[in-house]
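Enquirer: predicted model and sequence follow; I will ask about them next.
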Amino acid sequence: MGTNSIKSNLTKDTIISDIKLLLGADILKKNAYIVVEGDDDIKFFRKFCKDNVIIYESFSGKNGVEDIVNSEEIRNSSVIGIRDKDYCRNDKRDRIFFYDRCCLEMMIIGFDESFESIYYEFYNGEIIAEELKKHILTELYKVSIIRKYNEECSKGINFNGLSFSNLIDNEDKLDEERFIEAIKKLNPKKSFDFISDMVDLKSVTLNDLLNITNGHDFISFFKTLCDKTCKNECVNDKQINSVLRGSFNNELLKKTTLYQNINKYFDSRISIWSC
């Protein structure tokens, strides 16, 4: 692992100016500049990147990643962005790369080895790891499909403040009536008549679920189930995310489409991985 430079808490203009300055000083053209969405992304990448990689935290999530990388001032092949795919239909963009699955968390959770790291660390229930992952993905389907519909149709539905602690019943399932009530409460002026027309879960595969499930929803649902089985103290989302990121190793990274696409892009021009 290198001692790569981390740049966070910067404005859009400051990031662009900094990259422009460093590009001019990089005579050998061996440095890479990666713009990511947030702090969790930085923590994930810093152990995999060499010391010739400068990682910037976007000023405003995925939109910030796109705005910075596409800025005319730093339109350079050494500058790339990495962001969540979410429900984006067009994942083929110049110098923008997407995590496998829906987002960083789901890319990691897609590997059984990584999910088992949080399963054995935090969960004390009776469902085996493989079935628990499938159970959470399935129970979140209604939430996931609404998120997908919201983004694709630009409905502006607010999910901030949605908590699963009061939405899971005694059988560890999502109470759909309570969920609908909760989402309506967060969006009092919006109609949710479309929910009854959502696609039948029977036609959705496990792979589909991994691609549409929001990582924060998965972690929050998992945390709620862990809280129900913990004997002493409850866990928090940050602890779960930390263990999840820490479980991801070089060999798993090499299996991702993200790794392969970035390798193909840089070819032999620039070596960015420490693995």
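Expert: That came in fine, so what should we check first? Numbering: from 1, shown residues only.
Enquirer: and Val35, how far from Ser78?
Expert: As defined by C-beta to C-beta, to the nearest Å, Val35 lies at a distance of 12 Å from Ser78. The way it works is simple: take the backbone N, C-alpha and C, and place the C-beta from them, glycine included.
Enquirer: could you look up the SS state of Gly64?
Expert: helix (DSSP: H, G, I helix; E, B strand; the rest coil).
Enquirer: hang on, I meant Asn90
Expert: Using three-state DSSP, the structure places Asn90 in coil.
Enquirer: how about Ser117: what's its closest non-neighbour residue?
Expert: Nearest in space to Ser117, with sequence neighbours left out and distances taken as C-beta to C-beta, 6 or more residues apart in numbering, is Ser247 at 3.5 Å.
Enquirer: ok, Tyr123 next?
Expert: Nearest-residue entry for Tyr123: Cys226, 5.2 Å, with adjacent residues in sequence omitted and distances by C-beta to C-beta, 6+ apart.
Enquirer: surely that neighbour meets Val235?
Expert: Yes. Taking C-beta atoms under 8 Å as the definition, Cys226 is a contact partner of Val235 at 5.6 Å.
Enquirer: overlap of the contact sets of those two?
Expert: Both Cys226 and Val235 are contacted by Phe122, under the criterion C-beta atoms under 8 Å, 6 or more residues apart in numbering.
Enquirer: between these two, which one's more packed in?
Expert: The neighbour comparison of Cys226 against Val235 (other C-beta atoms under 10 Å) goes to Cys226, with 20 against 17.
Enquirer: so that one, which of the three states?
Expert: The three-state assignment at Cys226 reads helix, by three-state DSSP.
Enquirer: now the stretch 151-275 of the chain, which segments are flagged as low pLDDT?
Expert: Along the stretch 151-275 of the chain, the parts satisfying pLDDT under 70 run over 199, 231-232.
Enquirer: please redo it, this time with the cut-off set to 80
Expert: 196-202, 230-234 (pLDDT under 80).
Enquirer: would you map the helices across it?
Expert: 176-186, 206-212, 215-229, 237-247, 250-254, 257-266 (DSSP state H, counting those that start in this stretch).
Enquirer: as TSV, these with distance to Ser196 would be great.
Expert: Below are the helices of the stretch 151-275 of the chain laid out as TSV (distance: least, C-beta to C-beta, whole Å):
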stretch	distance to Ser196
helix 176-186	10
helix 206-212	19
helix 215-229	21
helix 237-247	31
helix 250-254	40
helix 257-266	35
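Enquirer: which of these is buried the deepest?
Expert: Mean neighbour counts were compared across those using mean count of other C-beta atoms under 10 Å; the top stretch is helix 215-229, at a mean of 20.
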